[in-house]
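Novice: Here is a sequence together with a model predicted from it:
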Amino acid sequence: MRLIFAIAAFAVTLISLNTAQAVADDRYGKQKVVYHINYEGGEDAKAYRGALRNIQNHINAVGRDNIEVKVVLHGNGVSLLQDAKTNEKLQSDVTSLKSQQVAFSVCKNTLVGRNISYENDLFEVFEEDIVPSGVAELSYLQQQGYTYIKP
């Protein structure tokens, strides 16, 4: 009898989870968003970690299959990936988001103006992650239907 109750409880849990995801899918639909980060992270990179947490919460709410996320970093925001070179929490956050197909774009103008090497100074940045201008990229993505978010 206990086994039957345990199976029934498990089934109800699965149905509830599927129903909750279906409600989120119906409510939010498909989304394309661009997160804009151009500020300092502050003590212990608290602002950066908060922004990355917002992105993860957004993915969780909408569903991985229903969202396309890009993060554009320029100016002081590029420090997020500089700090991640030595900050294991940031590394973990960035790696987790990248494993969910979140794309991080880095402004070439910032790199050149601040003499930053993406190969040596930034965490997990490759040539294809560099965009000519962070602000121009934000405008371009909005023209492509991305919703602009500044956490």
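Specialist: Perfect, I can see it now.

Novice: sec struct for the most centrally placed residue in the chain, please.
Specialist: The chain has I55 as the residue nearest its centroid, 4.4 Å off, counting by CA atoms, centre = their mean. Following DSSP: H, G, I helix; E, B strand; the rest coil, I55 is assigned to helix.

Novice: isn't it right up against P151?
Specialist: Yes: with contact defined as CB atoms under 8 Å, I55 reaches P151; the gap is 7.5 Å. C-betas here are computed from N, CA, C, even on glycine.

Novice: shared neighbours of these two, which are they?
Specialist: Y35 (CB atoms under 8 Å, 6 or more residues apart in numbering).

Novice: check contacts around T110.
Specialist: Listed by CB under 8 Å, 6+ apart, the contact set of T110 reads 73-75, 78, 116, 134.

Novice: Compute the first-to-last residue distance for stretch 26-46.
Specialist: Using CA to CA, to the nearest Å, the end-to-end distance of stretch 26-46 comes out at 33 Å.

Novice: brain fart, stretch 80-91
Specialist: Stretch 80-91: ends 10 Å apart by CA to CA.

Novice: List the buried residues of it.
Specialist: Across stretch 80-91, burial judged by 16 or more other CB atoms under 10 Å covers 80-84, 87, 90-91.

Novice: Please apply the same query to stretch 102-112.
Specialist: Those would be 102, 104-108, 110-111, for stretch 102-112 by 16+ other CB under 10 Å.

Novice: what mean pLDDT does that stretch have?
Specialist: On average, the pLDDT along stretch 102-112 is 98.

Novice: same deal with stretch 46-59?
Specialist: Mean predicted lDDT for stretch 46-59 stands at 97.

Novice: Need the contact partners of that stretch.
Specialist: Contacts of stretch 46-59 (CB under 8 Å, 6+ apart): 33, 35, 37, 39-41, 67, 69, 71, 79-80, 83, 89-90, 93-94, 96-97, 100, 102, 149, 151.

Novice: can you pull out the strands in the chain?
Specialist: 31-37, 67-73, 103-107, 130-131, 147-149 (DSSP state E).
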